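Chemist: sequence and predicted model, in that order:
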Amino acid sequence: MTTIFDKIINGTLPAEKVFENERILAIKDIHPVAPIHFLIMPKKSIRDLQSVKSEDLALIGEMVQVAQSLAVKYDIVDGYRLLTNSGPEAGQSVFHLHFHLIGGRRLTHELG
Ligand code: 5GP
């Protein structure tokens, strides 16, 4: 299934990019919930976290490293959240794996 994020990755839809290499793209969320709200995604089509296979684990690790680098670059190392919604019951709305990197304000304890 082609998602909005596939179109952003292949350049047919615009997005504000904050990081890109051959494997990973990070963009600003179009509806940010905090001053920093980025979406870190693999260029490879993976539906959600539950679909990740053992051969994808290096990619997931690299996505975490990208989050760490962006946290340094955007000065949020004192506190940020890195999360993914896996599946519709968790609120996933775009079915291309992505981590939300959220920070830049005091985050509450609420997750749900
Ligand atoms: P999910 O609900 O799947 O966990 O997260 C999807 C995220 O993608 C939402 O936070 C939503 O604001 C963001 N989003 C949806 N469409 C677009 C888009 O076209 N461009 C960008 N940059 N973000 C989008």
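Modeler: Arrived safely. Residues are numbered from 1 along each chain as shown.

Chemist: what helices and strands are in contact with the top strand by length along the chain?
Modeler: Longest among the strand segments of the chain by residue count, using DSSP state E, is strand 36-42. Applying 3 or more Cβ pairs under 8 Å, 6 or more residues apart in numbering; DSSP states H and E, one finds that strand 36-42 contacts helix 4-9, strand 24-28, helix 57-73, strand 99-103. C-betas here are computed from N, CA, C, even on glycine.

Chemist: ok, now how distant is the closest residue to residue 98 other than its chain neighbours from the ligand?
Modeler: With Cβ to Cβ, 6 or more residues apart in numbering as the measure, residue 41 is the residue that lies nearest to residue 98, at 4.1 Å, once sequence neighbours are left out. In this view, residue 41 and the ligand are 10 Å apart by Cβ to the nearest ligand atom, to the nearest Å.

Chemist: I'd say residue 6 and residue 95 touch.
Modeler: No: taking Cβ atoms under 8 Å as the contact criterion, residue 6 and residue 95 are not neighbours in contact, 9.9 Å apart.

Chemist: now do the contacts for the nearest residue to residue 50 once chain neighbours are set aside.
Modeler: For residue 50, the nearest residue in space outside its immediate sequence neighbours is residue 86; the separation is 5.0 Å by Cβ to Cβ, 6+ apart. With contacts defined as Cβ atoms under 8 Å, 6 or more residues apart in numbering, the neighbours of residue 86 are 48-50, 92.
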